[in-house]
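Enquirer: Need the 3D shape of this:
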Amino acid sequence: MAKATTILIRLVSTADTGFFYVTKKNPRTKTDKMKMRKYDPVARKHVEFTEAKIK
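Expert: Numbers count the residues shown, from 1 in each chain. You can find the predicted model right below:
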């Protein structure tokens, strides 16, 4: 069987609340670290989330 083209990554909040999202990424097309502006329910506002590895 072939290896999957997408990998699971963790988007960690930069507001230091400990909240994170889990999403997929294609490392062949998106080689840089992913950054997104999403809602953090702990901080109750939109903040930037950066990519981290799933442990």
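Enquirer: Would you map the strands across the chain?
Expert: For the chain, strands defined by DSSP state E occupy the ranges 7-13, 20-25, 35-40, 45-52.
Enquirer: Just name the most buried of those strands.
Expert: Of the strands of the chain, the one with the most neighbours on average (mean count of other C-beta atoms under 10 Å) is strand 7-13, at a mean of 16. Glycine gets a C-beta too; all of them are placed from N, C-alpha and C.
Enquirer: Sheet-wise, list the partners of that strand with their directions.
Expert: strand 20-25 (antiparallel), strand 45-52 (antiparallel) (DSSP bridges).
Enquirer: Could you dump those into a markdown table with mean pLDDT added?
Expert: As requested, the strands paired with strand 7-13 are exported to a markdown table (pLDDT from 0 to 100):
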| stretch | mean pLDDT |
| --- | --- |
| strand 20-25 | 96 |
| strand 45-52 | 98 |
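Enquirer: so can I have TSV of these showing distance to Leu8?
Expert: Output for the strands paired with strand 7-13, formatted as TSV (distance: least, C-beta to C-beta, whole Å):
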stretch	distance to Leu8
strand 20-25	6
strand 45-52	11
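Enquirer: closest one to Thr6 among those?
Expert: In terms of C-beta to C-beta, the element of the strands paired with strand 7-13 nearest to Thr6 is strand 20-25, at 4.4 Å.
Enquirer: quick one: contacts of that closest one?
Expert: By C-beta atoms under 8 Å, 6 or more residues apart in numbering, the residues outside strand 20-25 that reach it are 6-13, 34, 38, 49, 51-52, 54.
Enquirer: do stretch 31-44 as well
Expert: With C-beta under 8 Å, 6+ apart as the criterion, stretch 31-44 contacts 9, 11, 13, 15, 17-19, 21, 23, 25, 45-51.
Enquirer: Can you spell out which residues form a bridge with the nearest residue to Thr14 once chain neighbours are set aside?
Expert: Spatial nearest neighbour of Thr14, chain neighbours left out: Glu48 (4.9 Å); criterion: C-beta to C-beta, 6 or more residues apart in numbering. Beta-bridge partners of Glu48, counted by DSSP bridges, are Arg37.
Enquirer: Perfect, that will be all.
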